[in-house]
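[1] Okay, structure incoming, though there's no sequence with it:
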């Protein structure tokens, strides 16, 4: 197997790409930033799975969560996805959470496949909100030229 094929081995665990269907049925947990996004998944001990979340700059965090049989077949999924058809596809890590490494090449490519369009939509919505006129007629803190009002 070449280095350009899944799975990606990290600390003895074999990580596979997060399926697009998981992203479609997930939700963005927490508010604020910085936000991290699901990229790859591995089987953990017992009924656990390990999910690698990453920031857009490639710093990764490994999160363990309970897994469950996929109701539609095809292996293990996050238990909340199996039971409630929802799971944390992205989250804001706690203050004490530090990156555990960087994305591997395949993970980085998959990150951009999964998240580039979604991140662009979020950026567009933020820019649109920042350019709105406030009640006294001034623009919000950052104008379209990047100057403050």
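    It's in. If you're wondering where the values come from, they're calculated on a predicted model, not measured in any experiment.
[2] in what helix or strand does the residue nearest the centre of the chain lie?
    Nearest residue to the geometric centre of the chain (CA atoms, centre = their mean): residue 37, 1.1 Å. Following DSSP states H and E, one finds residue 37 within strand 36-43.
[3] Can you name the element that comes right after that strand?
    Next element after strand 36-43 (DSSP H and E): strand 48-54.
[4] low-scoring pLDDT stretches of this protein, where are they?
    Flagging of the chain using pLDDT under 70 yields the residue ranges 1-3, 121-149.
[5] if you set the cut-off to 90 instead, what comes out?
    Low-confidence segments of the chain (pLDDT under 90): 1-4, 30-34, 45-47, 71-75, 85, 94-97, 117-149.
[6] Show the residue spans covered by the strands in it.
    8-10, 13-17, 27-28, 36-43, 48-54, 59-69, 76-78, 88-91, 101-102 (DSSP state E).
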